[in-house]
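Engineer: how would this look folded up:
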Amino acid sequence: MSRLSALNPTATIPSPNQKGTDLRDVDMDQFLNLLIAELQNQDPLNPMDNSEMLQQISQIRDIGATNALTETLASVMLGQNIATGSGLIGKHITALNTSSQNVEGVVDRVTVQANDDDGSKHVQLHVGTQTIDLDQIREIVDA
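Structural biologist: Got it, this is the predicted structure:
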């Protein structure tokens, strides 16, 4: 594995027989480091075209804006789901639990669980000892 010591002593580039990371996984800092490396290593007799550089910078801004919007929307959705789940406390529901078994009873509490794989969060309702994902509710009745 080769290293780019001029950019970052810990940055690595996969060798040809290694599988590289997906470009969607590149964050803003990594993208800027790649752009700087490209500028530092360009042919001085044939430099990068200004319009090409502006296009890349525009792409960086678009990626940053999209990431910020995605994070904001995920946060708003989590807040909405917490509010919805909290509104169900004391209500009688019919739903499927996390083991896909039918559950019926009164919601007594709401929790937020984090997904270890991607860091996303989801709301769970509790009916006695049963745990129910918010999207598995089949019927809601006032207790």
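Engineer: which residues of this protein fall in strands?
Structural biologist: 2-3, 12-13, 91-96, 102-106, 109-114, 121-127, 130-133, 137-142 (DSSP state E).
Engineer: now the angle between strand 121-127 and the longest helix anywhere in the chain, please.
Structural biologist: Using DSSP state H, we find that the single longest helix of the chain is helix 50-87. Calculated by axes from the mean of the first three to the mean of the last three Cα atoms, to 10 degrees, helix 50-87 forms an angle of 10 degrees with strand 121-127.
Engineer: looking at the strands of the chain, which is closest to residue 74?
Structural biologist: strand 121-127 (8.3 Å; Cβ to Cβ). Heads up, the C-betas are built off the backbone N, CA and C, glycines and all.
Engineer: and the closest one, which strands flank it?
Structural biologist: Sheet pairing for strand 121-127, assigned by DSSP bridges, gives strand 109-114 (antiparallel), strand 130-133 (antiparallel).
Engineer: mind listing the residues bridging to residue 125?
Structural biologist: Beta-bridge partners of residue 125, as defined by DSSP bridges: residue 110, residue 132.
Engineer: and for it, the neighbour number?
Structural biologist: By the measure other Cβ atoms under 10 Å, the count of residues near residue 125 is 27.
Engineer: again, but for residue 119
Structural biologist: Residues near residue 119, counting by other Cβ under 10 Å, number 8.
Engineer: quick check: phi and psi on it?
Structural biologist: phi 80, psi 0 (degrees, to the nearest 10).
Engineer: domain ranges for this protein?
Structural biologist: By the record's domain assignment, the chain is partitioned as 2-69, 90-142 (automatic domain parsing).
Engineer: so which of the ones you listed is the most packed in?
Structural biologist: domain 90-142 (a mean of 14; mean count of other Cβ atoms under 10 Å).
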